[in-house]
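Novice: okay, here's the prediction I keep looking at, along with the sequence it came from:
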Amino acid sequence: MENFIVSARKYRPDSFDTVVAQSSITTTLKNAIKNNQLAHAYLFCGPRGVGKTTCARIFAKTINCSNLSPEVEACNECESCKAFNTSRSFNIHELDAASNNSVDDIRVLIDQVRIPPQVGKYSVYIIDEVHMLSSQAFNAFLKTLEEPPKHAIFILATTEKHKIIPTILSRCQIFDFNRIGISDIADYLEYVAKGEGVTAEKEALNVIAQKADGAMRDALSIFDQIVSFSGKNITYQDVISNLNVLDYDYYFRLLDHFLKNEVPDVLMIFDDILNHGFDGHHFITGLSSHLRNLLVCKDSVTVQLLEVGGEIKERYKVQASVCNSDFLLKALEISNECDMQYKISQNKRLLVELALVRIAQLTLKKK
């Protein structure tokens with residue numbers, strides 16, 4: 001039986017051009033290599049799963065490549081590149097600071113730094129989750145980080161920059177990685193799906209991208225989970241049932257009943273949602289998001305803030321055209337107030353039902 005490789009590893013970028021949605025950082029790193037202006041220490045910070053360690057590895061591979069392309073990409077053919085691609089390179093050293101965070105661990109690293117590389121120009125030390133180092137370890141590391149040997153380059157990666165002491169920060173070039181946008185994640189998932197021979201609805205990939213919350217690694221893990229569930233054909237219904245996501249259709253139907261002041265229908269939809277195992281708080285935050293999306297659809301300038309797929313985007317535009325802006329704002333105030341009071345409420349179901357009744361009666365006076 002062939003070993004399965006998770007998509008997050010199989011489709012991990014291996015060149016600067018394949019890194020998703022971090023173009024400002026990859027361009028800066030490529031220019032530094034091209035102009036031979038390499039710093040001795042870099043700090044890559046940002047949320048999980050956005051490409052920090054991936055960029056560190058690509059950077060380490062590229063600066064040791066002996067046959068760079070005109071686009072400043074590694075050739076993948078020289079001895080250094082081949083060693084890197086087969087995980088046998090002695091030029092790249094990775095340390096997980098979460099489990100190697102003592103002074104002794106750093107002293108071992110400092111001793112190792114003194115040894116020049118046998119192949120290539122640079123020894124690159126990638127220290128992941130660097131904020132986990134103890135204060136004594138940080139202090140032991142300071143002198144080496146400030147004045148390393150010419151052949152040594154440090155790349156520190158962290159999700160919590162605020163935990164790193166200022167004396168370390170002042171010695172590094174700092175790169176802030178962004179969360180990856182929903183459209184960028186959905187596009188990359190489409191590329192992965194094609195590579196895996198999987199057909200997927202755009203709305204389905206969009207929901208996965210939203211659930212990933214800006215992290216490409218999370219998106220690819222969810223994608224693998226859905227493929228295991230539904231096989232080679234991923235539908236929107238498969239995704240929402242597997243990820244326990246509320247169907248957009250519930251909210252579109254609710255809004256139609258709100259506008260017609262049909263309180264019983266609104267309460268029955270909410271009852272149906274609870275019977276399907278959804279949490280009331282999850283529902284009310286989803287309703288707030290739906291109202292917000294309708295509000296941004298009211299103006300052609302803000303419609304680009306809508307982060308949903310094509311067919312659902314059209315449904316939002318149609319529903320927004322029949323909703324009054326004042327109604328949407330008042331409904332948003334009520335749902336937001338319900339959201340804030342939810343945790344302290346003793347009767348949570350009643351709290352949500354009252355909010356729904358109030359929203360359903362907003363347009364009564366205009367009749």
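Specialist: Great, that's in hand. Numbering: from 1, shown residues only.

Novice: OK, contacts around Asn244?
Specialist: Taking CB atoms under 8 Å, 6 or more residues apart in numbering as the criterion, Asn244 is in contact with 277-278. To be clear about C-beta, it is placed using only N, CA and C from the backbone, and glycine gets the same treatment.

Novice: residues near Thr158, how many?
Specialist: Thr158: 21 surrounding residues under other CB atoms under 10 Å.

Novice: likewise Met268?
Specialist: The burial count for Met268: 12, using other CB under 10 Å.

Novice: what sits up against the helix or strand where it lies?
Specialist: Following DSSP states H and E, one finds Met268 within helix 263-275. Helix 263-275 has contacts (CB under 8 Å, 6+ apart) with 246, 250, 253-254, 257-258, 280, 283, 349, 352-353, 356-357, 359-361.

Novice: and the next helix-or-strand element following it, what's buried?
Specialist: Using DSSP H and E, the helix or strand that follows helix 263-275 towards the C-terminus is helix 280-296. By 16 or more other CB atoms under 10 Å, the buried positions in helix 280-296 come out as 280-281, 283-288, 290-296.

Novice: kindly report the same for stretch 57-65.
Specialist: Using 16+ other CB under 10 Å as the test for burial, stretch 57-65 gives 57-65.

Novice: what of stretch 340-351?
Specialist: Applying 16+ other CB under 10 Å to stretch 340-351 flags 342, 348, 351 as buried.

Novice: over to stretch 88-95?
Specialist: 89, 91-93, 95.

Novice: endpoints of that stretch, how far apart?
Specialist: Distance across stretch 88-95, first residue to last, is 16 Å (CA to CA, to the nearest Å).

Novice: pull the residues that contact it.
Specialist: In contact with stretch 88-95 (CB under 8 Å, 6+ apart) are residues 57, 60-61, 64, 80, 83-84, 105, 109, 112, 117-120, 122-128.

Novice: what mean pLDDT does stretch 42-54 have?
Specialist: For stretch 42-54, mean pLDDT rounds to 86.

Novice: how about the secondary structure of Glu94?
Specialist: State at Glu94, reduced to three classes by DSSP: H, G, I helix; E, B strand; the rest coil: strand.

Novice: bridged to it, which residues?
Specialist: Ile126 (DSSP bridges).

Novice: please apply the same query to Asn233.
Specialist: Beta-bridge partners of Asn233, as defined by DSSP bridges: Thr199.

Novice: check contacts around it.
Specialist: Per CB under 8 Å, 6+ apart, neighbours of Asn233: 198-200.

Novice: how near is it to Ser123?
Specialist: For Asn233, the distance to Ser123 (CB to CB, to the nearest Å) stands at 48 Å.

Novice: list only buried entries from the contacts of stretch 88-95.
Specialist: If you count burial by 16+ other CB under 10 Å, the buried members of the contacts of stretch 88-95 come out as 57, 60-61, 64, 80, 83-84, 105, 109, 117, 120, 122-128.

Novice: from these, which land in strands?
Specialist: With DSSP state E as the criterion, strands contain 123-128 from among those.

Novice: report pLDDT for the closest residue to Ile208 other than its chain neighbours.
Specialist: Distances taken as CB to CB, 6 or more residues apart in numbering place Ile222 nearest to Ile208, at 5.0 Å, with adjacent residues excluded. For Ile222, the pLDDT comes out at 87.

Novice: what do you get for Gln22?
Specialist: 83.

Novice: my guess is it meets Cys55, correct?
Specialist: Yes: Gln22 lies in contact with Cys55 (CB atoms under 8 Å); the separation is 6.8 Å.

Novice: now for those two: what residues contact both?
Specialist: In contact with both Gln22 and Cys55: Phe177, using CB under 8 Å, 6+ apart.

Novice: domains of this protein?
Specialist: 7-176, 182-242, 248-366 (automatic domain parsing).

Novice: in helices only, show me the buried residues of stretch 57-65.
Specialist: Judged by DSSP state H, these include 57-63 as members of helices.

Novice: could you report the neighbour count for Glu314?
Specialist: Glu314 has 11 nearby residues by other CB under 10 Å.

Novice: list the contacts of whichever strand or helix holds it.
Specialist: Glu314 is located in helix 310-321, with elements delineated by DSSP H and E. For helix 310-321, the external contacting residues (CB under 8 Å, 6+ apart) are 202-203, 206, 248, 252, 255-256, 293-295, 297-298, 303, 306, 308.

Novice: how far away is the residue nearest to Ile208 from Val352?
Specialist: 28 Å.

Novice: neighbour count winner among those two?
Specialist: Val352 (25 against 21).

Novice: hang on, that one packs against Phe283?
Specialist: Yes: using CB under 8 Å, Val352 and Phe283 qualify as a contacting pair, with a distance of 6.9 Å.

Novice: where in the protein is pLDDT low?
Specialist: By pLDDT under 70, the low-scoring segments of the chain are 1-3, 119-120, 309-310, 365-367.

Novice: for Ala74, which non-adjacent residue is spatially closest?
Specialist: Cys65 (4.2 Å).

Novice: ok, the spatially closest residue to Lys232 that is not a sequence neighbour - contacts?
Specialist: Among residues not flanking Lys232 along the chain, Val198 sits closest, at 5.1 Å (CB to CB, 6+ apart). Residues in contact with Val198 (CB under 8 Å, 6+ apart) are 227, 232-234.

Novice: and if you look at Phe258?
Specialist: 266, 331, 359-360, 362-363.
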